[in-house]
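Participant: dropping the sequence and predicted coords here.
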2 protein chains.
Amino acid sequence: MNFSDKFNRAIDQNNSFVCVGLDPDPARIPQHLQTEANPVLTFVREIVQATQDLVCAYKPNFAFYGALGRSGWEALEAILDAIPESIPVILDFKAGDIGNTAERYAAMAYDCLGVDATTVNPLMGTDAVEPFLAYSDKCAFLLCLTSNPGSADFQRLQVGDQFFYEALIQKATTWSQTGPCGLVVGATHPEELASIRALAPHLPILLPGIGSQGGNAEAMVQNGLDDQDRGILVNSSRSILYASNGLDFADAARQATEDLRQTLNRARPKAVNA
Amino acid sequence: MNFSDKFNRAIDQNNSFVCVGLDPDPARIPQHLQTEANPVLTFVREIVQATQDLVCAYKPNFAFYGALGRSGWEALEAILDAIPESIPVILDFKAGDIGNTAERYAAMAYDCLGVDATTVNPLMGTDAVEPFLAYSDKCAFLLCLTSNPGSADFQRLQVGDQFFYEALIQKATTWSQTGPCGLVVGATHPEELASIRALAPHLPILLPGIGSQGGNAEAMVQNGLDDQDRGILVNSSRSILYASNGLDFADAARQATEDLRQTLNRARPKAVNA
C-alpha cells in the first residue's frame, strides 16, 4: 500500500494524528531494562506494543540508533519488524546529498529498511531530492521551518519578498508533481503553520516539537489540517518515551499518547469521538 | 592528535592534498570480488592499502554503507580500522538536526566510529551545529556551495546583498570561534572558491566534485589554498575507486590517485617535488 493510503487508513483506524518519535536515549531507559541483551530494542518494542492502536505513524530517528553502532542497527531492524504493517513508518534521517548518494540513502530507507517515508534536507536542491521522489509509493518529508531555535538562522532569512522557508515550500510544491513529498514544520511555529498550509494546501505536514520542545498541540490541528481535515502528523518523542522511567514506562507512554490523541481530536473542527 | 595537526602532518608526510572518497557501489565492484564474504569491505580495504601513502585524508560516505544494512555497517567499522592512524578520516553523512539529535550524530561519528571529522548540513542553524563544535579535537565541515547542479536552487538565492552560501560562510566563521569547523565547496565552482577563501581565510575547505563531476583540479589549488599554502582537501571518489573494474583495480586506483596528487602539486605556488 502506498504511503498516502496507509497514512489515511491509520488516521481512521486509530482516530489519531499522533506520530510517536522513536528516539531512544540509552541514558534515559528505565533501570530495569538495562540488563536486557539489547535494552534499546526491548524499550522501544514495548513502547510500540503499548501505543500501536493510538497512532497514525511512528518516526524512528536514525541518530539514536547510529550512535549505538551495530547493536543500534540491529535494534532498528527489529523495531521496524515489530511495528504493525498497518502503521506507516517515517525514517527520520534528514538525508540530503548529491544525486548518486541520495539514491543510496533512498535505497537504505526504502529497499533495505522498508520504511514508508523519510525526512529529507532540501538544501542541496533538486537532484538531492529527486531520488526520493522516484519512489512513487513513498513520501519524502522536506525540512521547511524546523522546531529548533536555530531555525531562525537561515530558514527565516529574507529572500526577495519572502522567507527562505517559503522558497522551500515553493520548490516542494513543484517537486510534488514529480513524486510524493511533504513538509516538516516545527510545532513551535503555530502562526506560520496557517500560512504554510495556504502555500501547500495538499502536502502532508509532519509537525515535531510538541511536548519537550513546547509546541502547541491544538494550534497544529487548527492551523495545519488540509481541506479534507487530514494531512498532519503531530510528533512527540521524549514526552511519550520518558513519561515514566519506572516499571510502568509502557503504561505511562500509552497514557501520554492517549492524552495527546485526545487533545488533538478535541481541536478538530467537527467534534470527533476521541 | 587533533584533526588540524593530523591533517597538516598527512599533507606533509604524503605531500598530498588528495582526499579519497570511499563510496563503494556494489554494482561497480570488480567481478572477482563478488564472491568475497563482504565484497565492499575487501574492495575498500584494498583501495586504502593501495593509496595510503598518497593521500591527506579519506572520506567514507555513510550512504553507501547504510544502504547495505548490517553488512555495510560491519564493512565501515572494519575499513575505519584498516586506515592508518596517521591519516585523518572524514565521515561524510551531512548530518543536521536539532540539538539533542545532533549530539547523537556527533556521538555516532566521534565516540562510536572514532573518525576525525564529519560533514554537517547547517540548514537547521546554530543548535544543530554546536554539538559537533563541542568536540574540540575534531572538525565539522559545513556545507557551503555544493558540487551538484541543485546547488543553485537554494545556495545561490540572493539574501540581501549576498548569496545564501555567503551567509552560511559568515555564520561558519562565527562558529569557528566556538569550535573547529571547515567548509564544503564543490570543485565545480572554481571561480567562487577564490571569494569563499577570502571570506574564510583560515577554515579548511573540503572540495569534492573532481573527476566524475567535472571539477577543475588545478583551480582548487590556485584559488583554495590558505595563507600557509595549505587548508584544502581535494576529494575524488568514483574516478579513483572505479579506475579499473578488473583484477588491477587497486593498481589503477593508486595510479589515478597519484595522477591527481601530481596535478594538484604542480599547481602549487612554489614547485613542489611531486
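Facilitator: Ah, there it is.
Participant: quick check: residues of the stretch 101-250 of chain A near chain B?
Facilitator: A:101-102, A:104-105, A:107-108, A:111-113, A:121-129, A:143, A:146-155, A:157-160, A:164, A:167-168, A:171, A:213 (C-beta under 8 Å from any C-beta of the partner chain). No exception for glycine: its C-beta is placed from N, CA and C like everyone else's.
Participant: residue of the stretch 151-274 of chain A closest to chain B, please.
Facilitator: A:D153 (3.3 Å; C-beta to the nearest C-beta).
Participant: find me the pLDDT at that residue, would you?
Facilitator: According to the prediction, A:D153 has pLDDT 95.
Participant: cool, A:Q255 as well?
Facilitator: 98.
Participant: run a quick neighbour tally on the residue nearest to A:Q13 when sequence neighbours are not counted.
Facilitator: Distances taken as C-beta to C-beta, 6 or more residues apart in numbering or on different chains put A:S86 closest to A:Q13, at 6.5 Å, once the chain neighbours are dropped. For A:S86, the count of nearby residues is 13 (other C-beta atoms under 10 Å in any protein chain shown).
Participant: any idea how far A:L22 is from chain B?
Facilitator: Per C-beta to the nearest C-beta, to the nearest Å, A:L22 is found 12 Å from chain B.
Participant: the closest residue to that residue other than its chain neighbours in helix, strand or coil?
Facilitator: Ranked by C-beta to C-beta, 6+ apart and with sequence neighbours excluded, the top spatial neighbour of A:L22 is A:P60, at 4.1 Å. Three-state call for A:P60 (DSSP: H, G, I helix; E, B strand; the rest coil): strand.
Participant: my read: A:P60 touches A:D23, true?
Facilitator: Yes: between A:P60 and A:D23 there is a contact at 7.5 Å, judged by C-beta atoms under 8 Å.
Participant: those two: which has the busier surroundings?
Facilitator: The neighbour count for A:P60 versus A:D23, taken as other C-beta under 10 Å, is higher for A:P60 (27 against 23).
Participant: per-residue pLDDT, that one?
Facilitator: What the model reports as pLDDT for A:P60 is 98.
Participant: state the distance from it to chain B.
Facilitator: Counting by C-beta to the nearest C-beta, the separation of A:P60 from chain B is 12 Å.
Participant: contacts only, for that residue.
Facilitator: Going by C-beta atoms under 8 Å, 6 or more residues apart in numbering or on different chains, A:P60 touches A:21-23, A:44, A:76, A:79-80, A:89-92.
Participant: which of those residues fall within helices?
Facilitator: If you go by DSSP state H, the contacts of A:P60 have A:44, A:76, A:79-80 in helices.
Participant: need the max-distance pair from those.
Facilitator: The distance between the two most remote of the ones in helices among the contacts of A:P60 (C-beta to C-beta) is 10.1 Å, for A:V44 and A:L80.
Participant: now pLDDT too, for the contacts of A:P60, in CSV please.
Facilitator: Shown next, in CSV, are these (pLDDT from 0 to 100):
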residue, pLDDT
A:G21, 98
A:L22, 98
A:D23, 97
A:V44, 98
A:L76, 98
A:I79, 98
A:L80, 98
A:V89, 98
A:I90, 98
A:L91, 98
A:D92, 98
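Participant: closest to chain B among those residues?
Facilitator: The closest of the contacts of A:P60 to chain B turns out to be A:D23 (C-beta to the nearest C-beta; 7.1 Å).
Participant: any quick PyMOL command for the buried ones out of the ones in helices among the contacts of A:P60?
Facilitator: Buried members of the ones in helices among the contacts of A:P60, defined by 16 or more other C-beta atoms under 10 Å in any protein chain shown, are picked up in PyMOL with:
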select buried, chain A and resi 44+76+79+80
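Participant: got the contact list for the residue nearest to the spatial centre of chain A?
Facilitator: With distances taken as C-alpha atoms, centre = their mean, A:K59 lies nearest the centre of chain A, 4.8 Å away. Contact analysis of A:K59 by C-beta under 8 Å, 6+ apart lists A:19-22, A:89-92, A:206, A:208, A:233, A:235, A:237.
Participant: who is it paired with across the strands?
Facilitator: A:G21 (DSSP bridges).
Participant: contact partners for the residue nearest to A:V221 when sequence neighbours are not counted?
Facilitator: Residue nearest to A:V221 in three dimensions, not counting chain neighbours: A:A267, with 3.8 Å by C-beta to C-beta, 6+ apart. A:A267 makes contact with A:217-222 under the criterion C-beta under 8 Å, 6+ apart.
Participant: A:N2 reaches A:D137, doesn't it?
Facilitator: Yes: here A:N2 reaches A:D137: they are 3.9 Å apart, a contact under C-beta under 8 Å.
Participant: buried ones in the longest helix along chain A?
Facilitator: Of all the segments of type helix in chain A, defined by DSSP H, the longest one is helix A:249-266. Using 16+ other C-beta under 10 Å as the test for burial, helix A:249-266 gives A:249-250, A:252-265.
Participant: quick one, strands of the stretch 151-274 of chain A?
Facilitator: Per DSSP state E, counting those that start in this stretch, the stretch 151-274 of chain A carries strands over the ranges A:158-159, A:162-163, A:181-185, A:205-208, A:232-236.
Participant: looks like A:K171 contacts A:P122 (just checking).
Facilitator: Yes: here A:K171 reaches A:P122: they are 6.8 Å apart, a contact under C-beta under 8 Å.
Participant: and for those two, which residues touch both?
Facilitator: In contact with both A:K171 and A:P122: B:153-154, using C-beta under 8 Å, 6+ apart.
Participant: which one of the two is surrounded by more residues?
Facilitator: Set side by side, A:K171 and A:P122 show more neighbours around A:P122, with 26 against 18, by other C-beta under 10 Å.
Participant: now the residue with the largest distance to the centre of chain A, nearest residue through space, not along the chain?
Facilitator: Distance from the C-alpha centroid of chain A, by C-alpha atoms, centre = their mean, peaks at A:G160 (30.5 Å). Distances taken as C-beta to C-beta, 6+ apart put B:Q158 closest to A:G160, at 7.0 Å, once the chain neighbours are dropped.
Participant: quick one: the one you found and A:F164, what's the gap?
Facilitator: 11 Å (C-beta to C-beta, to the nearest Å).
Participant: these two: who's more crowded?
Facilitator: A:F164 (21 against 12).
Participant: mind checking which of the strands of the stretch 151-274 of chain A is nearest B:T51?
Facilitator: Nearest of those to B:T51, taken as C-beta to C-beta: strand A:181-185 at 39.1 Å.
Participant: contact partners of that closest one?
Facilitator: In contact with strand A:181-185 (C-beta under 8 Å, 6+ apart) are residues A:117, A:119-120, A:129, A:132-133, A:139-146, A:169, A:172, A:175, A:192-193, A:196, A:200, A:203-208, A:224.
Participant: same check, this time on stretch A:96-107
Facilitator: By C-beta under 8 Å, 6+ apart, the residues outside stretch A:96-107 that reach it are A:93, A:95, A:118, A:120-124, A:127-132, A:134-135, B:23, B:25, B:61, B:63-64, B:66-67, B:94, B:96, B:121, B:146-148, B:150, B:213.
Participant: as CSV, could you dump the C-alpha coordinates of it?
Facilitator: Provided in CSV are the C-alpha atoms of stretch A:96-107 (Å, rounded to 0.1, in the frame of the first residue of the first chain):
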residue,chain,number,x,y,z
GLY,A,96,20.5,15.3,1.7
ASP,A,97,23.3,14.7,-0.8
ILE,A,98,24.2,14.7,-4.5
GLY,A,99,22.2,12.5,-6.8
ASN,A,100,24.2,9.3,-6.7
THR,A,101,24.5,9.5,-2.9
ALA,A,102,20.8,10.4,-2.4
GLU,A,103,20.0,7.3,-4.4
ARG,A,104,21.9,5.2,-1.8
TYR,A,105,20.1,6.9,1.1
ALA,A,106,16.7,6.2,-0.5
ALA,A,107,17.8,2.6,-1.0
